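Enquirer: Test case, fold it:
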Amino acid sequence: MNYKSDLKNILKFWLGSSIDYEKGGIFTCVDREGNIYGREKSVWFQGRALWTFSKAYNAIEKDPEYLKAAKNIYEFLPKCTDTDGRMFFTVTEDGREIQKRRYYFSETFAAIGCAEFYKATGDEKVLADAEKYFDVAYECFTGVRKTAPKTNPENVNMKALSPVMIMLSTAQTMRSATNKEKYAAIASECLDKILNGGFLTEKALLESVSADGKFVNSPNGRIVNPGHSMEAAWFLMLEGIITNNQEAIDAGKKVIDITWPLGWDEKHGGLIAFTDVLGKPPVQLEWDMKLWWPQCETLIALKMAYMLFKEEKYKEMYEKMKDYCKKYFVDSECGEWYGYLHYDNTVSTTLKGNIFKGPFHIPRLYMIMSVLEEDGKVDRYI
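Expert: Numbering: from 1, shown residues only. Model prediction:
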């Protein structure tokens, strides 16, 4: 894979019929060829795509088409925002609410999208929007703004890894755009929660633990999401690089070392979707499927680990994963990647996008790799 030239083709795939210049925003329900098969819009991907096209413009190439797409998506965000400041999860093609969830990831993705678009434009209103969306998300994260609990806390009181790792990554992006002291403190807070909150054990980085950081021996408590773990690993290493924190870098290395044996399919290749840390039957029916994004996160984590530690095993693991993705995920005929493979790497569905898959994980991978292969300075990427 030639990351920089391939990135241009991947972004071109999404710049086709996906950008809605009539009603605003971006469609992500596209088939193998990039044709739209569903007109509902993912609010996650309004923010994510805004970030992607802005980042490509800022870090890779000053292509005016990237900025044009980003501007169109940015101007659609107000339609995706409710009167209480919270964002929807899905909307109609013209921006009317379909679903609103308790999760605040729509707001975190809008924040990073606006922050990156601000870097491209210098527009202070865009920066104000980035801070507005971040503050709403952070209020939800800290409990200042109440959201419905996933389970009854009187009976099962657990905390999840994903909000913490996403808040860490969001704070990293915000810190690169404005108010470094504020967002550095939040990033440090999230780093502490990952390292010392009970998620990181000698066996795995767990998806959920009790509210006081203890292991819960239940199907949910035993879940390991290898893709999340690998993503968290490079978030940790990146934070260590930026802040000169060796503990964070070493923790990222540890996460890779304990996750690879749990997630890598020795028979067929690829990283599986879920596993049980104690080897019991995983409850997720898609547990042994191969999804696009865990492979992306693993490639980034392995590349960074080799860059930092110079251990040949990481180079070998990286090359193994790279060859696997090129063979099974990359669609050399129609472009982009397939999103979902069965355990034996046969294609489960030929769609290229839905409300969860769009221009984010794959372009992010290609952009980071382009930067690393150019000068190795991953902090320049942020």
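Enquirer: contacts, neighbours, all on C-alpha from now
Expert: Fine.
Enquirer: residues contacting residue 80?
Expert: Residue 80 is in contact with 43, 87, 88, 91, 95, 96, 97, counting by C-alpha atoms under 8 Å, 6 or more residues apart in numbering.
Enquirer: part of a helix, is residue 379?
Expert: Yes: the assignment for residue 379 (DSSP: H, G, I helix; E, B strand; the rest coil) places it in a helix.
Enquirer: Correct me if wrong: it contacts residue 240.
Expert: No: between residue 379 and residue 240 there is no contact under C-alpha atoms under 8 Å: 10.1 Å.
Enquirer: higher neighbour count, these two?
Expert: Using other C-alpha atoms under 10 Å as the criterion, residue 379 and residue 240 rank with residue 240 on top: 19 against 14.
Enquirer: list the helices and strands the worst-scoring helix or strand of the chain on mean pLDDT packs on?
Expert: Ranking every helix and strand in the chain by mean pLDDT, DSSP states H and E puts helix 378-381 at the bottom, with a mean of 71. Packed against helix 378-381 by the contact rule (3 or more C-alpha pairs under 8 Å, 6 or more residues apart in numbering; DSSP states H and E) you find helix 226-243, helix 361-375.
Enquirer: Nearest to residue 317, out of those helices?
Expert: Closest approach to residue 317 among the helices and strands packed on helix 378-381 is made by helix 226-243 (12.8 Å; C-alpha to C-alpha).
Enquirer: Packed most tightly, which of the helices and strands packed on helix 378-381 would that be?
Expert: helix 226-243 (a mean of 24; mean count of other C-alpha atoms under 10 Å).
Enquirer: Give me the contact list for it.
Expert: 162, 165, 168-169, 172, 191, 205, 245-253, 255-256, 259-260, 262-263, 271-275, 293-295, 297-298, 300-301, 304, 378-379.
Enquirer: Can you turn the buried subset of those residues into a selection I can paste into PyMOL?
Expert: A single PyMOL command is used to select the members of these judged buried by 16 or more other C-alpha atoms under 10 Å:
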select buried, resi 162+165+168+169+172+191+205+248+249+250+251+252+253+255+256+259+260+262+263+271+272+273+274+275+293+294+295+297+298+300+301+304+378
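Enquirer: Take the contacts of helix 226-243 and keep only those in strands.
Expert: Judged by DSSP state E, strands contain the following of those: residue 275.
Enquirer: Take the contacts of helix 226-243 and keep only those in helices.
Expert: Among the contacts of helix 226-243, DSSP state H puts 162, 165, 168-169, 172, 191, 246-253, 255-256, 259-260, 262-263, 293-295, 297-298, 300-301, 304, 378-379 in helices.
Enquirer: name the helices or strands packed onto the helix or strand hosting residue 318?
Expert: With secondary structure defined by DSSP states H and E, residue 318 is part of helix 312-328. Contacts defined by 3+ C-alpha pairs under 8 Å, 6+ apart place helix 312-328 against helix 292-309.
Enquirer: contact partners of the helix it packs on?
Expert: Contacts for helix 292-309 (C-alpha under 8 Å, 6+ apart): 226-228, 230-231, 233-234, 237, 253, 256, 270-271, 273, 311-312, 314-315, 317-318, 321-322, 325, 329, 337-340, 361-362, 365, 368-369, 376.
Enquirer: That helix to helix 246-263, inter-axis angle?
Expert: 130 degrees (axes from the mean of the first three to the mean of the last three C-alpha atoms, to 10 degrees).
Enquirer: what's the offset of helix 292-309 from the middle of its chain?
Expert: Here helix 292-309 is found 13 Å from its chain centre; the criterion is C-alpha atoms, centre = their mean, to the nearest Å.
Enquirer: Taking helix 312-328 as reference, get the angle to it.
Expert: Using the same axes, to 10 degrees: helix 292-309 against helix 312-328 is 150 degrees.
Enquirer: Rounded mean pLDDT for helix 292-309, please.
Expert: For helix 292-309, mean pLDDT rounds to 97.
Enquirer: Restrict that helix to CA atoms and write it as CSV.
Expert: Provided in CSV are the C-alpha atoms of helix 292-309 (Å, rounded to 0.1, in the frame of the first residue of the first chain):
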residue,chain,number,x,y,z
TRP,A,292,-12.2,-2.7,9.1
TRP,A,293,-11.5,-0.4,11.9
PRO,A,294,-9.7,-2.7,14.4
GLN,A,295,-7.2,-3.6,11.6
CYS,A,296,-6.6,0.2,11.0
GLU,A,297,-6.0,0.8,14.7
THR,A,298,-3.6,-2.1,15.0
LEU,A,299,-1.5,-0.9,12.0
ILE,A,300,-1.1,2.5,13.7
ALA,A,301,-0.3,1.0,17.1
LEU,A,302,2.3,-1.4,15.6
LYS,A,303,4.0,1.2,13.5
MET,A,304,4.3,3.6,16.5
ALA,A,305,5.6,0.8,18.7
TYR,A,306,8.3,-0.1,16.2
MET,A,307,9.2,3.6,15.8
LEU,A,308,9.5,4.0,19.5
PHE,A,309,11.1,0.7,20.6
